[in-house]
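In: Okay, sequence plus prediction incoming.
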Amino acid sequence: MDEIDAIGGKRFGQGTSADREIQRTLMELLNQLDGFDDLGRVKIIMATNRPDTLDPALLRPGRLDRKVEIPLPNEQARVDILRIHSERITKHGDIDWEAVVKLTDSFNGADMRNVCTEAGMFAIRAERDYVVEEDFMKA
(Lines give C-alpha, C1' and ligand atoms only; values in the text may rest on other atoms or scores of the structure.)
Protein backbone atom coordinates (compact mmCIF):
# COMPACT_ATOMS: atom_id res chain seq x y z
CA MET A 1 0.00 0.00 0.00
CA ASP A 2 1.75 3.11 -1.21
CA GLU A 3 1.13 6.54 0.33
CA ILE A 4 -0.52 5.01 3.41
CA ASP A 5 -0.46 8.45 5.03
CA ALA A 6 -3.40 9.38 2.78
CA ILE A 7 -5.71 7.24 4.91
CA GLY A 8 -3.49 6.34 7.86
CA GLY A 9 -2.91 9.80 9.28
CA LYS A 10 -3.41 10.68 12.93
CA ARG A 11 -7.07 10.88 13.89
CA PHE A 12 -8.61 14.01 15.37
CA GLY A 13 -11.93 14.96 16.91
CA GLN A 14 -13.42 17.29 14.37
CA GLY A 15 -13.28 17.71 10.65
CA THR A 16 -15.21 17.74 7.42
CA SER A 17 -17.31 14.86 6.16
CA ALA A 18 -14.36 13.89 3.95
CA ASP A 19 -12.12 13.75 7.03
CA ARG A 20 -14.65 11.52 8.79
CA GLU A 21 -14.76 9.21 5.77
CA ILE A 22 -10.98 8.90 5.82
CA GLN A 23 -11.16 8.07 9.54
CA ARG A 24 -13.79 5.39 8.85
CA THR A 25 -11.53 3.95 6.16
CA LEU A 26 -8.63 3.86 8.62
CA MET A 27 -10.81 2.13 11.23
CA GLU A 28 -11.75 -0.55 8.69
CA LEU A 29 -8.11 -1.00 7.70
CA LEU A 30 -7.15 -1.45 11.37
CA ASN A 31 -9.97 -3.98 11.76
CA GLN A 32 -8.76 -5.92 8.73
CA LEU A 33 -5.14 -5.87 9.93
CA ASP A 34 -6.27 -7.32 13.27
CA GLY A 35 -7.98 -10.14 11.37
CA PHE A 36 -4.77 -11.66 10.00
CA ASP A 37 -3.39 -14.53 12.06
CA ASP A 38 0.24 -14.46 13.16
CA LEU A 39 1.21 -17.60 11.26
CA GLY A 40 -0.63 -16.72 8.07
CA ARG A 41 1.06 -16.20 4.77
CA VAL A 42 -0.34 -12.73 4.22
CA LYS A 43 2.24 -9.98 4.47
CA ILE A 44 1.32 -6.31 4.35
CA ILE A 45 3.84 -3.75 3.15
CA MET A 46 3.06 -0.07 3.40
CA ALA A 47 5.03 2.92 2.18
CA THR A 48 5.00 6.60 3.07
CA ASN A 49 7.20 9.64 2.77
CA ARG A 50 5.66 11.01 5.97
CA PRO A 51 5.95 8.45 8.79
CA ASP A 52 5.58 11.21 11.40
CA THR A 53 1.93 11.71 10.38
CA LEU A 54 0.79 8.09 10.80
CA ASP A 55 -1.77 7.18 13.43
CA PRO A 56 -0.10 5.39 16.39
CA ALA A 57 -2.75 2.63 16.21
CA LEU A 58 -1.47 1.70 12.76
CA LEU A 59 2.08 1.31 14.09
CA ARG A 60 1.12 -0.86 17.04
CA PRO A 61 2.98 -4.20 17.28
CA GLY A 62 0.91 -6.93 15.69
CA ARG A 63 -0.25 -4.65 12.92
CA LEU A 64 2.96 -3.34 11.43
CA ASP A 65 5.89 -5.05 13.09
CA ARG A 66 8.83 -3.74 11.11
CA LYS A 67 9.92 -0.31 10.02
CA VAL A 68 12.35 -0.19 7.12
CA GLU A 69 13.72 3.24 6.36
CA ILE A 70 15.19 3.80 2.92
CA PRO A 71 17.39 6.89 2.83
CA LEU A 72 17.71 9.28 -0.07
CA PRO A 73 20.28 8.22 -2.66
CA ASN A 74 23.82 9.54 -2.28
CA GLU A 75 25.64 11.29 -5.13
CA GLN A 76 26.91 8.11 -6.78
CA ALA A 77 23.46 6.52 -6.60
CA ARG A 78 21.93 9.63 -8.17
CA VAL A 79 24.48 9.44 -11.01
CA ASP A 80 23.52 5.78 -11.51
CA ILE A 81 19.81 6.64 -11.49
CA LEU A 82 20.34 9.39 -14.08
CA ARG A 83 22.29 7.04 -16.33
CA ILE A 84 19.60 4.37 -16.10
CA HIS A 85 16.73 6.75 -16.87
CA SER A 86 18.60 8.53 -19.66
CA GLU A 87 19.67 5.35 -21.50
CA ARG A 88 16.84 5.62 -24.03
CA ILE A 89 17.20 9.37 -24.47
CA THR A 90 19.12 10.54 -27.52
CA LYS A 91 21.99 12.65 -26.21
CA HIS A 92 24.45 14.86 -28.05
CA GLY A 93 27.93 15.59 -26.70
CA ASP A 94 29.44 14.67 -23.37
CA ILE A 95 27.32 15.00 -20.26
CA ASP A 96 29.01 15.62 -16.93
CA TRP A 97 26.68 13.58 -14.74
CA GLU A 98 28.54 14.57 -11.58
CA ALA A 99 27.91 18.27 -12.32
CA VAL A 100 24.21 17.58 -12.89
CA VAL A 101 24.00 15.60 -9.66
CA LYS A 102 25.57 18.47 -7.67
CA LEU A 103 22.31 20.36 -8.34
CA THR A 104 20.12 17.52 -7.04
CA ASP A 105 20.86 17.42 -3.32
CA SER A 106 17.91 15.84 -1.44
CA PHE A 107 16.37 14.40 -4.63
CA ASN A 108 14.89 10.92 -4.48
CA GLY A 109 14.77 8.39 -7.31
CA ALA A 110 11.50 9.74 -8.70
CA ASP A 111 12.92 13.27 -8.70
CA MET A 112 15.96 12.03 -10.64
CA ARG A 113 13.75 10.37 -13.23
CA ASN A 114 11.84 13.63 -13.56
CA VAL A 115 15.14 15.43 -14.29
CA CYS A 116 15.46 13.22 -17.37
CA THR A 117 11.86 13.92 -18.40
CA GLU A 118 12.32 17.66 -17.98
CA ALA A 119 15.61 17.60 -19.89
CA GLY A 120 13.70 16.03 -22.76
CA MET A 121 11.08 18.76 -22.53
CA PHE A 122 13.77 21.45 -22.76
CA ALA A 123 15.08 19.75 -25.92
CA ILE A 124 11.58 19.64 -27.42
CA ARG A 125 11.03 23.33 -26.67
CA ALA A 126 14.33 24.05 -28.42
CA GLU A 127 13.05 22.03 -31.40
CA ARG A 128 15.78 19.41 -31.04
CA ASP A 129 15.45 15.64 -31.19
CA TYR A 130 18.34 15.15 -28.78
CA VAL A 131 19.26 16.31 -25.29
CA VAL A 132 22.43 18.18 -24.34
CA GLU A 133 24.07 18.70 -20.95
CA GLU A 134 22.52 22.16 -20.60
CA ASP A 135 19.04 20.57 -20.74
CA PHE A 136 19.91 18.35 -17.77
CA MET A 137 21.38 21.32 -15.91
CA LYS A 138 18.20 23.37 -16.43
CA ALA A 139 16.00 20.43 -15.49
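Out: Looks like it came in fine.

In: Walk me through the domains of this protein.
Out: Following automatic domain parsing, one finds the domains of the chain at 4-53, 75-138.

In: Quick one: end-to-end length of the longest one, please.
Out: When you say that, I think you mean domain 75-138. 18 Å (CA to CA, to the nearest Å).

In: Return the distance of it from the chain's centre.
Out: Its chain's C-alpha centre and that of domain 75-138 lie 19 Å apart, by CA atoms, centre = their mean, to the nearest Å.

In: Let me know the average pLDDT across it.
Out: In this model, domain 75-138 has a mean pLDDT of 97.

In: about what we covered before: which of the domains of the chain sits closest to L64?
Out: domain 4-53 (6.6 Å; CB to CB). Using the backbone N, CA and C atoms, a C-beta is placed for each residue, glycine as well.

In: Can you report how many residues lie near L82?
Out: 23 (other CB atoms under 10 Å).

In: looking at this, it is in a helix?
Out: Yes. Note on L82: a helix contains this position according to DSSP: H, G, I helix; E, B strand; the rest coil.

In: Contact partners for it?
Out: For L82, the contacting residues are W97, V100, V101, M112, V115, C116, F136, by CB atoms under 8 Å, 6 or more residues apart in numbering.

In: hang on, isn't the second one packed against V115?
Out: Yes. With contacts defined as CB atoms under 8 Å, V100 counts as touching V115 at a distance of 7.2 Å.

In: Most neighbours among the contacts of L82, which one is it?
Out: That'd be F136 among those, by other CB under 10 Å, with 27 neighbours.

In: That one and I44: what is the separation?
Out: According to CB to CB, to the nearest Å, F136 stands 39 Å off from I44.

In: D65 too?
Out: 10 Å.

In: who has more neighbours, the two?
Out: Set side by side, D65 and I44 show more neighbours around I44, with 13 against 10, by other CB under 10 Å.

In: In three-state terms, label the spatially closest residue to L103 that is not a sequence neighbour for me.
Out: Nearest residue to L103 in three dimensions, chain neighbours excluded: M137, at 6.8 Å (CB to CB, 6 or more residues apart in numbering). Of the three states, M137 takes helix under three-state DSSP.
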